[in-house]
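K.L.:
sequence and predicted structure, then a few things I'm wondering about:
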Amino acid sequence: DVKVTQSSRYLVKRTGEKVFLECVQDMDHENMFWYRQDPGLGLRLIYFSYDVKMKEKGDIPEGYSVSREKKERFSLILESASTNQTSMYLCASGTGTGGRKLFFGSGTQLSVL
Amino acid sequence: AQKITQTQPGMFVQEKEAVTLDCTYDTSDPSYGLFWYKQPSSGEMIFLIYQGSYDQQNATEGRYSLNFQKARKSANLVISASQLGDSAMYFCAMSPYSGGYQKVTFGIGTKLQVIP
């Protein structure tokens, strides 16, 4: 079975902390994505990567950065967590261009206190 | 830029009835893919159906069909013979073919509740 694994299901952090969310896929996909999901706002794209060390900003990149040092791993970094970054974070991976479905991880519910 | 609009925050349908979930999109890309995903209360995202912008026929996958009207930029999901297990959030999404990579944009979703 194909798998996208997110390191934590639930995470609680304090304001100002540096937060790392990790995502690993075992499908050799070139594309990886980070979304945040908030009620009433759907899934919003934060960053995506189409190759190792390559990244593109999504629709809401402010306050976030990403790292992709290896093809299978895509990390989302909150340099200084704030309460408005409390959200569900979903990682996804895919291949090719517009015609292929995405595979999602189970999500990380991050609470910033 | 691309945008997905889902205007129905919540829908109810009687079990065994058909239901249509609306989706309109906007893009400047000449070719693109359209998708629907289902998210039950467990939180997992489940791919349902895909439609390519150049496909002549509407896509179908079992009880799911995508009513694609290119001129109207709409990609509505039709679920036939609703079941209780269809109660979930449904997201419409799109991705352009250009640029050599995927950039998948989602709508805000529609919450469907199936009534026994």
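P.N.:
Looks like it came in fine.

K.L.:
what pLDDT does the residue most central in space within chain A get?
P.N.:
Chain A has residue A:34 as the residue nearest its centroid, 2.7 Å off, counting by C-alpha atoms, centre = their mean. Residue A:34 carries a pLDDT value of 97.

K.L.:
which element is it on?
P.N.:
strand A:31-38 (DSSP states H and E).

K.L.:
parallel or antiparallel, which strands does that strand pair with?
P.N.:
Applying DSSP bridges, strand A:31-38 is found paired with strand A:42-51 (antiparallel), strand A:87-94 (antiparallel).

K.L.:
thinking the residue nearest to the centre of chain A is in contact with residue A:44, fair?
P.N.:
No - using C-beta atoms under 8 Å, residue A:34 is not in contact with residue A:44; the gap is 9.9 Å. To be clear about C-beta, it is placed using only N, CA and C from the backbone, and glycine gets the same treatment.

K.L.:
what is in contact with the two at once?
P.N.:
When C-beta atoms under 8 Å, 6 or more residues apart in numbering or on different chains defines a contact, the residues bordering residue A:34 and residue A:44 alike are residue A:58.

K.L.:
next, the residue nearest to residue B:50 when sequence neighbours are not counted: phi, psi?
P.N.:
Leaving aside its sequence neighbours, residue B:50 sits nearest to residue B:35 (C-beta to C-beta, 6 or more residues apart in numbering or on different chains; 5.4 Å). When read as degrees, to the nearest 10, the backbone of residue B:35 gives phi -140, psi 160.

K.L.:
same thing with residue B:84?
P.N.:
The phi and psi values for residue B:84, taken as degrees, to the nearest 10, are phi -60, psi -30.

K.L.:
residues in contact with the residue nearest to the centre of chain A?
P.N.:
Contacts of residue A:34 by C-beta under 8 Å, 6+ apart are A:21, A:23, A:45-48, A:58, A:64, A:66, A:74, A:76, A:89-91.

K.L.:
any chance of TSV for these, columns distance to residue B:64 and pLDDT?
P.N.:
What follows is these, written out as TSV (distance: C-beta to C-beta, whole Å; pLDDT from 0 to 100):
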residue	distance to residue B:64	pLDDT
A:21	32	97
A:23	28	97
A:45	24	94
A:46	29	96
A:47	30	95
A:48	26	93
A:58	27	91
A:64	34	98
A:66	33	97
A:74	30	97
A:76	31	98
A:89	28	98
A:90	22	97
A:91	25	96
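
K.L.:
please state the offset of the host helix or strand of residue B:49 from the chain centre?
P.N.:
Using DSSP H and E, residue B:49 falls within strand B:46-52. Its chain's average C-alpha position is 7 Å from that of strand B:46-52, according to C-alpha atoms, centre = their mean, to the nearest Å.
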